[in-house]
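A.B. asks: Quick check, what structure comes out for this input:
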Amino acid sequence: MSRRRLLVDLGPLRHSRDFRLLFSGQLVSTLGTQLTVVAVPYQVYRMTDSSLDVGLVSLAQLGPLLVCSMIGGAVADAHDRRRLLLITELLLAAVSSGLAINGGLAHPALWPLFALPAAAGGLAGFDRPAFNASIPRLVPTGDLAAAYALWQVQMQVGIVVGPALAGVILSTAGLSVVYWLDVASFVVSWLAVLAMGPLPANEGAAPASWRSIREGLAYLRGRQVIQGVFLLDINAMVFGMPRALFPALGLDFFHGGAQTVGLLYAAPGAGALVGALTTGWVNVIRRQGRAVIIAVVIWGAAITVFGLVDVLWVALVLLAFAGWADVVSAVFRNTILQTALPDELRGRLSAVQIAVVQGGPRLGDLEAGGVAQAFGTSFSVISGGAACVVGAVLLAFALPGFRKQQAVMPSAATE
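C.D. replies: Okay, the predicted model is just below:
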């Protein structure tokens, strides 16, 4: 395999100014968000000494996320997506400001750690569908796999650097600084979106309404290709994502501190970053559905073995390997979804995808925290990973249409 084929394709960044702006702004914003992803559960665990409470904080975001993503997807199809992004990025900065103010108090309150992330979850229901639905408007269809691979690069850079940096800042400067850095990252993202051109709705687009939401959901019926994109991700995140246990594992099992917790959060992102940077080969894979299934099985197997080890560096390597498999799955899932959808439905179906991508890990936090509370941390990790593998195999047989899904090759794509 040639070096060019191995490394991520930078073509979409070279060819599209607006994609460069969107990519750059989100690179900074993702980094800031990942600081908060570590800081909130760390703060909750320090205040309550309960992994279940960490899971409940994540669960508090699920309801607003699910409801608002359905509405947000319809809004993204009916209005200028750039304008929607400008509004939501400012509101997300305001939410992080509230966390920063609470974190700077001598005696921080617990309730803002439930309420403010819940508000952020609701806003993400508008923000994420608009981002995802915008990308196919900025690059040709044949470049979508490369564009989503690059999108994974910016996400994984944030997921790697953010948690590791959060551990350092938490142990030195404190919680408030972490949250203020997140505020600054949203400002950078807002400025990048401001510099982009308009992204108006298609002519004749349906107005945002409950009818348009139902129309988007109805499109799922009988379409195994799209169903498989969502169900395989739900399976992986609900059963195979043990992140709610990272504070307990880092502090109690591996007997470390904030930096160890940060490393556990960062390790899957490190593997995913390596995976994203070496996705030059994705455009030549025809059997994309089968590739997703294999990647999810690898993810679940790596998490299962992670639960069996008690050496930190080995645990980190296994989490990194799981992250590599996850990013491969994500690139193909995004490509399959966006090439299967008409543009006038991309916002609404992207909203379902966001509900899955953002909601699945939150359900996973509750599952992992609840099982850990009842049966112990290690059992929770091992059983979840094993359930993920079994679930992927069952879905592969239940959804032959997804299993047989093949790619739209670049040579056949139209701009």
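A.B. asks: Surely Val309 and Val317 touch.
C.D. replies: No: with contact defined as Cβ atoms under 8 Å, Val309 does not reach Val317; the gap is 9.2 Å. Every C-beta, even on glycine, is put in place using the N, C-alpha and C of the backbone.
A.B. asks: Those two: who's more crowded?
C.D. replies: Neighbour totals were compared for Val309 and Val317, and Val317 leads with 17 against 14 (other Cβ atoms under 10 Å).
A.B. asks: Sticking with the more buried one, tell me its helix or strand.
C.D. replies: Assigned by DSSP states H and E, Val317 belongs to helix 312-340.
A.B. asks: Toward the C-terminus from that helix, list the very next helix or strand.
C.D. replies: Heading C-terminal from helix 312-340 (DSSP H and E), you reach helix 343-375.
A.B. asks: follow-up on the earlier one: buried residues of the helix holding Val317, list them for me.
C.D. replies: 312, 315-340 (16 or more other Cβ atoms under 10 Å).
A.B. asks: Next, the angle from that helix to helix 343-375.
C.D. replies: Put simply, helix 312-340 runs at 150 degrees to helix 343-375, going by axes from the mean of the first three to the mean of the last three Cα atoms, to 10 degrees.
A.B. asks: so what does helix 312-340 touch, helix or strand wise?
C.D. replies: Counting contacts by 3 or more Cβ pairs under 8 Å, 6 or more residues apart in numbering; DSSP states H and E, helix 312-340 is packed against helix 112-138, helix 144-172, helix 224-240, helix 258-277, helix 288-306, helix 343-375.
A.B. asks: Name the spans of the chain whose pLDDT lies under the cut-off.
C.D. replies: Low-confidence segments of the chain (pLDDT under 70): 1-6, 203-209, 282-283, 407-415.
A.B. asks: Tell me which residue of it is furthest from the middle?
C.D. replies: Distance from the C-alpha centroid of the chain, by Cα atoms, centre = their mean, peaks at Ala106 (32.7 Å).
A.B. asks: Could I get the contacting residues of the closest residue in space to Ala93 that isn't next to it in sequence?
C.D. replies: Excluding its sequence neighbours, the residue lying closest to Ala93 (Cβ to Cβ, 6 or more residues apart in numbering) is Phe186, at 3.7 Å. Phe186 makes contact with Ser29, Gly32, Glu89, Leu90, Leu92, Ala93, Ser96 under the criterion Cβ atoms under 8 Å, 6 or more residues apart in numbering.
A.B. asks: Going by secondary structure, Phe186 is in what exactly?
C.D. replies: Here Phe186 is assigned to helix 175-194, by DSSP H and E.
A.B. asks: To Ser212, which of the helices and strands packed on helix 312-340 lies closest?
C.D. replies: helix 343-375 (7.0 Å; Cβ to Cβ).
A.B. asks: starting at the chain centroid, how far to that closest one?
C.D. replies: 9 Å (Cα atoms, centre = their mean, to the nearest Å).
A.B. asks: What are the neighbouring residues in contact with Ser69?
C.D. replies: By Cβ under 8 Å, 6+ apart, Ser69 lies in contact with Ala124, Gly125, Phe126, Arg128, Pro129, Ala351, Val352, Ile354, Ala355, Gln358.
A.B. asks: hang on, the earlier thing: in CSV, could you pull the C-alpha coordinates for the helix holding Phe186?
C.D. replies: Below are the C-alpha coordinates for helix 175-194, written out as CSV (Å, rounded to 0.1, in the frame of the first residue of the first chain):
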residue,chain,number,x,y,z
LEU,A,175,-11.9,23.6,37.3
SER,A,176,-12.8,27.1,36.5
VAL,A,177,-9.9,27.5,34.0
VAL,A,178,-11.0,24.4,32.2
TYR,A,179,-14.5,25.7,31.7
TRP,A,180,-13.3,29.2,30.6
LEU,A,181,-11.1,27.6,27.9
ASP,A,182,-14.2,25.9,26.6
VAL,A,183,-16.0,29.2,26.4
ALA,A,184,-13.1,30.6,24.4
SER,A,185,-13.2,27.7,22.0
PHE,A,186,-16.8,28.4,21.1
VAL,A,187,-15.9,32.0,20.3
VAL,A,188,-13.3,30.8,17.8
SER,A,189,-15.8,28.4,16.2
TRP,A,190,-18.3,31.2,15.9
LEU,A,191,-15.8,33.4,14.1
ALA,A,192,-15.0,30.7,11.7
VAL,A,193,-18.7,30.1,10.8
LEU,A,194,-19.2,33.9,10.5
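A.B. asks: ok, Val168 touching Gln259?
C.D. replies: Yes: at 6.6 Å, Val168 counts as touching Gln259 under the criterion of Cβ under 8 Å.
A.B. asks: Can you tell me the number of residues neighbouring the nearest residue to Gly347 once chain neighbours are set aside?
C.D. replies: Spatially, and ignoring its direct neighbours in sequence, Gly347 is nearest to Ala76 (3.2 Å; Cβ to Cβ, 6+ apart). Applying other Cβ under 10 Å, we find 30 residues neighbouring Ala76.
A.B. asks: Please apply the same query to Arg221.
C.D. replies: Arg221 has 8 nearby residues by other Cβ under 10 Å.
A.B. asks: host element of Ala396?
C.D. replies: Secondary structure assignment for Ala396, by DSSP H and E: helix 377-398.
A.B. asks: Which SSE is immediately downstream of that helix?
C.D. replies: Downstream of helix 377-398, the first helix or strand assigned by DSSP H and E is helix 400-403.
A.B. asks: Can you list the buried residues in that next one?
C.D. replies: Buried positions in helix 400-403, judged by neighbour count with 16+ other Cβ under 10 Å: Phe402, Arg403.
A.B. asks: for it, packing partners?
C.D. replies: By 3+ Cβ pairs under 8 Å, 6+ apart, helix 400-403 packs against helix 224-240, helix 288-306, helix 377-398.
A.B. asks: among those, which is nearest Leu84?
C.D. replies: Leu84 lies closest to helix 224-240 among those, at 22.7 Å (Cβ to Cβ).
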